[in-house]
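Trainee: sequence below, structure please.
(one chain, ligands or ions: 1)
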Amino acid sequence: MLDPDEWKARVIAEGVTCCPACESTEITLGATAIGVMTIHQEYICEHCQHTFSGLFALVTWYTT
Ligand SMILES: [Zn+2]
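Mentor: All right, here's what the predicted structure looks like:
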């Protein structure tokens, strides 16, 4: 099982979301909860059925 820091480093280094339990990249997106400063994204691993959530933080604003 990857701990949260190991998981974040892996995802950033490889540019793909992986399962912290089995390290599979067969991940399905679940519900997304958008707040003022955070977004929580649910994930389901298609390989081992592990469910987990990603926490995203506010970075900046920009003009589209
Ligand atoms: Zn898994």
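
Trainee: quick one: which helix or strand includes the residue nearest the centre of the chain?
Mentor: Computing the C-alpha centroid of the chain and ranking residues by Cα atoms, centre = their mean puts residue 54 first, at 3.6 Å. Using DSSP states H and E, residue 54 maps to strand 51-57.

Trainee: buried residues, that strand. List them.
Mentor: 52, 54 (16 or more other Cβ atoms under 10 Å). Heads up, the C-betas are built off the backbone N, CA and C, glycines and all.

Trainee: quick one: strands adjacent to it?
Mentor: Strand 51-57 sits in its sheet next to strand 38-45 (antiparallel), going by DSSP bridges.

Trainee: run through who's touching the partner strand.
Mentor: 17, 19, 21-22, 24, 26-33, 50-58 (Cβ atoms under 8 Å, 6 or more residues apart in numbering).

Trainee: next to the ion, which bits of this structure? Give me the list.
Mentor: 19, 21, 22, 24, 45, 47, 48, 50 (Cβ under 5 Å from the ion).
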